[in-house]
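Trainee: Okay, predicted coordinates and the sequence, questions at the end:
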Amino acid sequence: MSLPGNEDLADHFLSAKERDLGPLVRESEESLDLDYEQAVGLEAFLDRAWFSGTHACHAQMLTQARERNPDDFGKLDVRLLEAEFKALMDESAETLNLTIAETMNMWDFLGRACVAGIQSCRAELTAMLFEATSDVGEEALCWLEGRGGTAT
């Protein structure tokens, strides 16, 4: 099996982004009572937070694959996110000009978007690797035959 093309991977990530951020955008707009410009700005910041998570996760997975250290598998080095996320928090607070309570709430939404990006990146890259390195149908057939089941 071969790895999916870049277009397939991009489509998977864009679908994951829409799935992750759609409900978060709606929830944040309801919670924060934003005007149109603020809502558009917040959505852009949520996108950036999601992509920040995917970038950090991708970098971490590449490092783990190169170093092949099983003790580090699944661990994300928060230092990869810290500077970028702090700048995003500062810029969003300055741009959206919310109250302190609303800003803290908005930062929670940014954090949730970032975590969703991390989780989606792990899921998409793991699925891609699994798809490229295994034949699920053949494995199921072997399992059925080995268990005395019948495959049709």
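Mentor: Noted; the coordinates are in hand.
Trainee: immediately after the helix ranked longest in the chain, which helix or strand?
Mentor: Counting residues, the longest helix found in the chain (DSSP state H) is helix 100-133. Next helix or strand after helix 100-133 toward the C-terminus (DSSP states H and E): helix 136-146.
Trainee: related to what we said a few turns ago, can you name every helix or strand that the longest helix of the chain contacts?
Mentor: Here helix 100-133 touches helix 6-32, helix 36-67, helix 79-96, going by 3 or more CB pairs under 8 Å, 6 or more residues apart in numbering; DSSP states H and E. Quick note: C-beta positions are derived from backbone N, CA and C, even for glycine.
Trainee: Need the residue closest to the centroid of this structure.
Mentor: Nearest residue to the geometric centre of the chain (CA atoms, centre = their mean): residue 117, 1.8 Å.
Trainee: Go ahead and confirm it touches residue 46.
Mentor: No. Using CB atoms under 8 Å as the test, residue 117 is too far from residue 46 to be in contact (9.8 Å).
Trainee: what touches both of those two?
Mentor: Counting by CB atoms under 8 Å, 6 or more residues apart in numbering, residue 117 and residue 46 have no shared contacts at all.
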